[in-house]
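Q: predicted model, plus sequence, below.
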Amino acid sequence: MSTQWQHIKPSDIVNTDESHRLRQRSDLWGYWLLAHCWGVIILSGALYAFTPNAFTLLVAVTIIGGRQLGLAILMHEGSHGMLFKTRTLNERMTQWFTAWPMLLNIHAYRVRHMAHHRFTRTDKDPENYLYTPFPVTPNSMTRKFLRDLTGIVFIRTNAAIFRFIWGQKKGRSVRLIGYYGGPLLFNGLLAGGFAAFGRLDLYLLLWLLPMATTYQLFLRIRNIAEHAAVGDLGDALQNTRTTLAGPIARALVAPYWVNFHIEHHMLPYVPCYRLAAIHKLMLARGFGEKMLIVDGYNHVLRLNSSA
């Protein structure tokens, strides 16, 4: 049983009929979410491609970095089997169009993430290292953000993944191909497509640059908001944070309802597009005063840079 469900269970929040209704998935929703995410990326890239200047490049890199986080969120959705109703579609579309573009692998991610759900904010949580350093001093937070925006974190993270796979000598070649084969194929085709039109620079500027910079920053802020500097680590409504987000935050650091994180941990079988409804339901049923809810990501960052 998940440590999140020791004191409060899904059945304490919703009844059987509500649970059945809320857990329903949809292939149409899956297609729409992918189309929306990639559509924003393409339009943002087109803004710079057709009107190239420093300002449109900054706008494109910022928005694309936010939608790259969106791809990671949709990969997370697929890892729970909720992006598409049809299992084969869920596995293939999630792998091909959310994980591989971001140099990730859904199967490796799923193993770690399911353990995170089961052992949230305990010593057995494989993602605990993301949250334990906080809160930090304002200077430390600034240095972290600078490392994100200068590509240092991108290089360190990918080097660490490679070293981990390389260090497992048994089946090393199979592991390397299994992890990197898809990402290299997708990014090779993407780069090759741009190169065929004589615009390899667009792949570097509009895909690799945001992945190495703005995406890293937005990913860090999202991680901090979810589980860093929280309350009682043994209380499922306090060791996870829900952050109320405005339109700019939803565009950059909280795409696809990821800010409703308590709701996701409590009912991890509910698709992301119903988490806002779960939030309203939990408030209506009296859970609001017990939940760690923060108004805005600026507030979250202030809480985590106050040491």
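A: Happy to help now that I have it. Numbers count the residues shown, from 1 in each chain.
Q: burial check on V59, number of neighbours?
A: By other CB atoms under 10 Å, 14 other residues sit near V59. (C-beta placed from N, C-alpha, C; glycine too.)
Q: oh, and call the first residue 18 from now on, that's how I've got it
A: Let's use 18 as the start, then, which means that last one is V76.
Q: for N107, which residues are in contact?
A: G47, G95, G98, M99, L100, F101 (CB atoms under 8 Å, 6 or more residues apart in numbering).
Q: which two in those residues are spaced the farthest apart?
A: G47 and G98 (10.9 Å; CB to CB).
Q: need the contacts of N107 in a markdown table (columns: pLDDT).
A: A markdown table is the format used below for the contacts of N107 (pLDDT from 0 to 100):
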| residue | pLDDT |
| --- | --- |
| G47 | 98 |
| G95 | 98 |
| G98 | 97 |
| M99 | 97 |
| L100 | 98 |
| F101 | 98 |
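Q: and the strands in this protein?
A: For the chain, the strands defined by DSSP state E cover 259-261, 310-312.
Q: which residue sits closest to R127, ignoring its sequence neighbours?
A: Excluding the flanking residues, the one nearest R127 by CB to CB, 6 or more residues apart in numbering is S96, at 4.3 Å.
Q: same deal with L147?
A: Of all residues not flanking L147 in the chain, N240 sits nearest, at 4.9 Å (CB to CB, 6+ apart).
Q: can I assume the one you found is in contact with T149?
A: No: between N240 and T149 there is no contact under CB atoms under 8 Å: 11.6 Å.
Q: distance of the residue nearest to R127 from G198?
A: Here the criterion is CB to CB, to the nearest Å. By it, S96 lies 19 Å from G198.
Q: so for these two, which sits in the more crowded spot?
A: Shown here are S96 and G198; by other CB under 10 Å, S96 has more neighbours (22 against 12).
Q: which regions of this structure sit below the pLDDT cut-off?
A: By pLDDT under 70, the weakly predicted segments of the chain are 18-21, 324.
Q: go ahead and flag the most central residue of it.
A: I90 (3.7 Å; CA atoms, centre = their mean).
Q: mind listing what it touches?
A: So I90 contacts P272, Y273, V275, C289 (CB under 8 Å, 6+ apart).
Q: surely the first one and L86 touch.
A: Yes: taking contacts as CB under 8 Å, P272 lies within contact range of L86: 5.9 Å.
Q: hang on, the earlier thing: please pick the buried ones from the contacts of I90.
A: Taking 16 or more other CB atoms under 10 Å as the criterion, what is buried in those is P272, Y273, V275, C289.
Q: so who does the last one touch?
A: Put plainly, it is C289. C289 sits next to L50, I90, E94, M99, Y273, W274, V275, H281 when contact means CB under 8 Å, 6+ apart.
Q: export the residues you listed to a markdown table and tack on distance to Y220?
A: As requested, these are exported to a markdown table (distance: CB to CB, whole Å):
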| residue | distance to Y220 |
| --- | --- |
| L50 | 24 |
| I90 | 23 |
| E94 | 26 |
| M99 | 31 |
| Y273 | 25 |
| W274 | 30 |
| V275 | 27 |
| H281 | 33 |
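Q: from these, which ones fall inside helices?
A: L50, I90, E94, H281 (DSSP state H).
Q: ok, and the most crowded of those residues?
A: E94 (26 neighbours).
Q: among the ones in helices among the contacts of C289, which one lies nearest to R302?
A: Closest approach between those and R302, by CB to CB: H281, at 17.1 Å.
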